[in-house]
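Undergrad: Next comes the sequence, and after it the predicted model I'd like to discuss.
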Amino acid sequence: MGIQEQYRKEAAELLSSGAVKLVIGYGEGTTADRRRPVFIRSAEYVGRLVLDANCVANLSAYLVQEGLLSDGKKVAAFLKPEGIRSMNILAAEAQLDPEQVVILGFDIEAGQATSLSGRNASDFTALIGSLKASGLSPELQKEADRLEHMGSADRFEYWKAQFSKCIKCYACRQVCPMCYCRRCIVDVNQPQWINTSSHTLGNFEWNIIRAFHLAGRCVACGGCDRSCPVNIPLRLINHRMAKEALDTFGHFAGESADQKPVLATFRQDDPETFIL
Ligand code: SF4
Ligand code: SF4
């Protein structure tokens, strides 16, 4: 039995036994190579679930939809390792109870979806720990290295040119599991902290503030890159912040559901005097 059939069968069993009230997975998209999220509430519809190498979106963002988990019932979600990491961060930030999520884990290797064993967040701790050393795709890593070796003035020009393309559509925010605030600072207009116009200053404010908010939280799922209509390589800036958190504090975001957020904790023996 292929992985798609295996997971459809498991989803049907979870739903018909009442173990979960909902399965969040992938279905056919608008073109042959696109997948869209599907929300299955009855075993009779599991035939709509698709699992293949085109299932790239991080579905963990749907776990924090308002009210979804407030009845204490469980849901199942198709999650890749990045999705499991972001689910762990959501748990660590008290946005969900990991006990309410049955993880239908999978990965994509050599152009094929492969199953991951374990169904609870804690089953994946070793796997996620082993990913610490892995970085960006070779293509993105090449670009990250190029930026790293630039002088600060050239790097500033690079990001200025990239951010000048931003049209403030906020698709990067909408797709990101880590952007779960009910009211984002950019939507506040009394007072208006961030300029809403799509000009150089406003674009810098928006993109830099978002990068700060994601420091030590980004899991490199690539959702923001894929959703940006003007192709700003957002993952590069968020990856740089993640590298800083790893190199400076040994923090790899989403390793476990009880990992302390890197910017919300400190060590008593921290050499920085401003801490205590
Ligand atoms: S910032 Fe982008 S790559 Fe990082 S978790 Fe959010 S959507 Fe994924
Ligand atoms: S998705 Fe791209 S264009 Fe839209 S707000 Fe984000 S950076 Fe700007």
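TA: Received, thanks. Ligands and ions are numbered 1, 2, ... in the order given.
Undergrad: going forward, measure contacts and count neighbours with C-alpha atoms only.
TA: Will do.
Undergrad: Name the SS class of Asp52, please.
TA: Three-state assignment for Asp52 (DSSP: H, G, I helix; E, B strand; the rest coil): coil.
Undergrad: Tell me the pLDDT of it.
TA: We have a pLDDT of 96 for Asp52.
Undergrad: what's around it, how many residues?
TA: Asp52 has 18 neighbours, counted by other C-alpha atoms under 10 Å.
Undergrad: Verify the stated contact: it with Ala113.
TA: Yes. In this structure, Asp52 is within contact of Ala113 by C-alpha atoms under 8 Å, at 5.0 Å.
Undergrad: so where's this protein shaky on pLDDT?
TA: For the chain, the stretches with pLDDT under 70 are 134-135, 275-276.
Undergrad: Let me see the domain layout of it.
TA: 3-129, 138-251 (automatic domain parsing).
Undergrad: Just say which of these is most tucked in.
TA: domain 3-129 (a mean of 18; mean count of other C-alpha atoms under 10 Å).
Undergrad: near ligand 1 at all, that one?
TA: No. Applying C-alpha under 6 Å from any ligand atom, one finds domain 3-129 separated from ligand 1 by no less than 6.9 Å.
Undergrad: could you pull out the strands for the stretch 51-200 of the chain?
TA: Ranges of strands in the stretch 51-200 of the chain, per DSSP state E, counting those that start in this stretch, are 75-79, 101-109, 112-115.
Undergrad: out of these, which comes closest to Ala153?
TA: strand 101-109 (38.4 Å; C-alpha to C-alpha).
Undergrad: Pro229 in helix, strand or coil?
TA: Pro229 ends up coil, using three-state DSSP.
Undergrad: Could you do Ala11 as well?
TA: When classified by three-state DSSP, Ala11 comes out as helix.
Undergrad: ok, now Arg217?
TA: With three-state DSSP as the basis, Arg217 sits in coil.
Undergrad: Could you tell me which residues of the stretch 101-250 of the chain lie near ligand 2?
TA: Counting by C-alpha under 6 Å from any ligand atom, the residues of the stretch 101-250 of the chain near ligand 2 are 166-172, 227-230, 232.
Undergrad: Go again with 5 Å.
TA: 166-172, 228 (C-alpha under 5 Å from any ligand atom).
Undergrad: between the residues you listed, which is nearest Gln268?
TA: Taking these together and measuring to Gln268 by C-alpha to C-alpha, the closest member is Cys172, at 36.0 Å.
Undergrad: List the residues that contact that closest one.
TA: By C-alpha atoms under 8 Å, 6 or more residues apart in numbering, the contact list for Cys172 reads 223-225, 227-228.
Undergrad: what does Phe124 give?
TA: 84, 118.
Undergrad: same question, Met178
TA: Contact analysis of Met178 by C-alpha under 8 Å, 6+ apart lists 61, 86, 90, 214, 217-218.
Undergrad: now Glu255
TA: By C-alpha under 8 Å, 6+ apart, the contact set of Glu255 is 85, 88, 125, 128-129.
Undergrad: did I read that right, it in a helix?
TA: No. Going by three-state DSSP, the assignment for Glu255 is coil, not a helix.
Undergrad: Out of the domains of the chain, the one nearest Ala257 is which?
TA: Comparing the domains of the chain against Ala257 with C-alpha to C-alpha, the closest turns out to be domain 3-129 (4.2 Å).
Undergrad: Excluding sequence neighbours, find me the nearest residue to Gln112.
TA: The spatial neighbour of Gln112 that comes closest, neighbours along the chain excluded (C-alpha to C-alpha, 6 or more residues apart in numbering), is Ala53 at 5.1 Å.
Undergrad: To clarify, my last question referred to Pro37.
TA: Pro37 sits nearest to Tyr26 (C-alpha to C-alpha, 6+ apart), 4.6 Å away.
Undergrad: How is that neighbour assigned, secondary-structure-wise?
TA: Classification of Tyr26 by three-state DSSP places it in strand.
Undergrad: Next, work out how far apart it and ligand 1 are.
TA: With the distance defined as C-alpha to the nearest ligand atom, to the nearest Å, Tyr26 ends up 17 Å from ligand 1.
Undergrad: picking that back up, near ligand 1, from the contacts of Cys172?
TA: With the criterion set as C-alpha under 5 Å from any ligand atom, the members of these near ligand 1 are 223-224.
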